[in-house]
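[1] sequence first, then the predicted structure, then my questions.
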Amino acid sequence: MSKITVKKIIIGKHTLWAAFMPLQAKNLIVIKGRKGYVMCGYLNLKVANTFQDVAIKITGVSTVGDALKACVHSCTYPAKQLGIYKGQAIRDVLKIIA
């Protein structure tokens, strides 16, 4: 059975939550803020867009630490409306979605 790890991330006065779960070949990583979330390559942006989620996809990460150092690979239209763009540092994105 895989163990799910949850970690608190503080950005300024805001708290976000990161979840990490080993799957079969790779790890599932999600960082959730009040306005949206960052997720590893398992994210289906088409579905997230359908639900009008503020969703940001990152790739090439294996840990929450890696995720915090990553840049935006792609994002939903609602995320773009908040000023989030491809190549943006995730630390900056977290300030927006916190």
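    Sure thing, it's come through.

[2] the most centrally placed residue in the chain in helix, strand or coil?
    By Cα atoms, centre = their mean, the chain has its centre lying nearest to V38, at 1.1 Å. Classification of V38 using DSSP: H, G, I helix; E, B strand; the rest coil returns strand.

[3] and it, bridged to which residues?
    Counting by DSSP bridges, V38 is bridged to I31, I56.

[4] and the top helix by length along the chain, what does it pack onto?
    Ranked by number of residues, the top helix in the chain under DSSP state H is helix 90-97. Secondary-structure packing of helix 90-97 (3 or more Cβ pairs under 8 Å, 6 or more residues apart in numbering; DSSP states H and E): strand 5-11, strand 37-39, strand 55-57, helix 64-69. Any C-beta I mention is one placed from the backbone N, CA and C, and that applies to glycine too.

[5] please identify the deepest-packed of these.
    strand 55-57 (a mean of 26; mean count of other Cβ atoms under 10 Å).

[6] got any ranges where this structure has weak pLDDT?
    Applying pLDDT under 70 to the chain flags residues 1-2.

[7] tell me the contacts of the residue nearest to the centre of the chain?
    Counting by Cβ atoms under 8 Å, 6 or more residues apart in numbering, V38 touches V30, I31, A55, I56, K57, I58, A67, I90, V93, L94, I97.

[8] ok, it to T15 distance?
    Applying Cβ to Cβ, to the nearest Å, the value for V38 to T15 is 15 Å.

[9] neighbouring strands of the lengthiest strand in the chain in the sheet, and parallel or not?
    In the chain, taking DSSP state E as the definition, the longest strand is strand 14-22. Applying DSSP bridges to the sheet, strand 14-22 is found paired with strand 5-11 (antiparallel), strand 27-32 (antiparallel).

[10] for K32, which non-adjacent residue is closest in space?
    W17 (5.1 Å; Cβ to Cβ, 6 or more residues apart in numbering).

[11] bridged to that neighbour, which residues?
    K8, K32.

[12] residues near it, how many?
    Counted with other Cβ atoms under 10 Å, the neighbours of W17 add up to 13.
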